[in-house]
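Student: A predicted structure for the sequence below; I have some questions about it.
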Amino acid sequence: MGHGADQAGHGFAFAQSHGIVVVTFNYRLGALGFLDVEGESPAGALGLHDQIAALRWTHENIASFGGDPERITVYGLSAGGKSVTNLLASPLASGLIRQAAESSGGDHVKSQPQARALAARFFRELGTTPDRIRDVPARDILAAQLAIAAPPRSTWLWRPSVDGTSLTRHPLEAIAGGAAAGVPLLAQTCARECALYQLLGPDAAAQADRVLTGYFGARVTDRLLAAYAADHPGLDDTALRVAIMTDERYVVRTGRLADAQSAHAPVWRSRYDGPYTGFPDDPRLAPFAKLLDGGHGGDGTAIWQGGEGMSGRLHDAWGAFAATGDPGWARYAPPSRAAMIFAEPEPYIAGDPFRNVREAWSGLDWQPGPWWSH
């Protein structure tokens, strides 16, 4: 869901406030972008190849629009943020990115067993074989995709594969090895990312025990639940599992990305605790506004469009990063791991605000899958 034109209008605010030329683009989504097809090469990451083609086009042509090809900043939110991680890891994007920023990102790939299982399920729904996929109308591909899962249950299902060309190894492994050496990174997560998913799909939090047990087994799952209960004594069972979902989906993976890149380039990290910016002007949604404080995507409209108070501060920080390479606060690096907290009434710098999360998940390694079973 979504397309580049959704964001096109936002570019005017940055052009006026910071003199930045903004480029938005499209890439193939879902099965069209990320289905692994036996006999095709490369396969499983065509949407990432589209992003790299757009980045290459920008590098080759942006001077004609008043931009500097040697000062390209890539920024994305949600799937876009995770795409930024993949671009930093991709050998095909090497040398094309000067700076990178992401909101609610982290790494975002599927394993080969996950890719094979998803492809098998997809072709059963489609009723054909991989060798005939190019004869199938796009509407039938989309129908099969929706038959497997519709939003929000389809979230995190269609992800790139390590296809041997756009990605040659796991993104965090590549970045830790210096794949994006010298590229400054700004990485932000939201305090209550998955409150949005709980609102969209009220069974979201209830998946946590099954997901964690599948990753780690019952003993480690019980330990994690106990650690979260101790750190968040005021939360009920649902809110506690929303916090776990937030950290497993976004915060832990972003922390590992920040640690990996900080060995090779300047890194800044932040957390958004404020109200959902750009909340739809719909009275039916008004009762849910406070539920989405610090919710996934809540920082997006403010970053792009600015405004008064915190919205203006977010916009100026991202604009300064794109224009100067520095958002305006202390860098993030072990062991201090300083981060900016965008909270009311004033943003503030905190020393290692993600420590409890990092320690709870320390020593755990897992291949993220879709949150819902399909």
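Tutor: Perfect, thanks for sending it.
Student: ok, the closest residue in space to A45 that isn't next to it in sequence - contacts?
Tutor: Leaving aside its sequence neighbours, A45 sits nearest to P160 (C-beta to C-beta, 6 or more residues apart in numbering; 3.9 Å). (C-beta placed from N, C-alpha, C; glycine too.) The contact partners of P160, taken as C-beta atoms under 8 Å, 6 or more residues apart in numbering, are F34, G44, A45, G47, L48, N86, H108, V109, K110, S166, L167.
Student: and which of the residues you listed is nearest D231?
Tutor: Nearest to D231 among these is H108, at 26.2 Å by C-beta to C-beta.
Student: so what's the residue count around that closest one?
Tutor: 20 (other C-beta atoms under 10 Å).
Student: would you confirm that it belongs to a helix?
Tutor: No: counting by DSSP: H, G, I helix; E, B strand; the rest coil, H108 is not part of a helix but coil.
Student: so it makes contact with V84?
Tutor: No: counting by C-beta atoms under 8 Å, H108 sits too far from V84 to count as a contact (9.6 Å).
Student: can you classify R210 by secondary structure?
Tutor: helix.
Student: what's the separation between it and G369?
Tutor: 11 Å (C-beta to C-beta, to the nearest Å).
Student: contacting residues for the residue nearest to V162 when sequence neighbours are not counted?
Tutor: Spatial nearest neighbour of V162, chain neighbours left out: V109 (6.0 Å); criterion: C-beta to C-beta, 6+ apart. V109 makes contacts with N86, R159, P160, S161, V162, L167, H170, P171, as judged by C-beta under 8 Å, 6+ apart.
Student: same question for D299.
Tutor: When the contact criterion is C-beta under 8 Å, 6+ apart, the partners of D299 are L77, S103, Q188, C190, Y272, G274, T277, L314, F342.
Student: the same query, at a cut-off of 10 Å, please.
Tutor: For D299, the contacting residues are 77, 103-104, 188-190, 270-278, 310-311, 314, 318, 342, by C-beta atoms under 10 Å, 6 or more residues apart in numbering.
Student: buried ones among those residues?
Tutor: Burial by neighbour count, judged by 16 or more other C-beta atoms under 10 Å, picks out 77, 103-104, 188-190, 270-277, 310-311, 314, 318, 342 from those.
Student: of the residues you listed, which belong to helices?
Tutor: The helices, defined by DSSP state H, take in M310, S311, L314, W318 from the buried ones among the contacts of D299.
Student: coming back round to it: so for R210 and G369, which residue has more residues nearby?
Tutor: More crowded of R210 and G369, by other C-beta under 10 Å: G369, with 20 against 13.
Student: helix, strand, or coil at that one?
Tutor: Assigned with three-state DSSP, G369 falls in the coil class.
Student: for the residue nearest to it when sequence neighbours are not counted, which residues are in contact?
Tutor: Leaving out its chain neighbours, the residue that sits closest to G369 by C-beta to C-beta, 6+ apart is Q114, at 6.0 Å. Going by C-beta under 10 Å, 6+ apart, Q114 touches D36, L157, R159, S161, Q367, P368, G369, P370.
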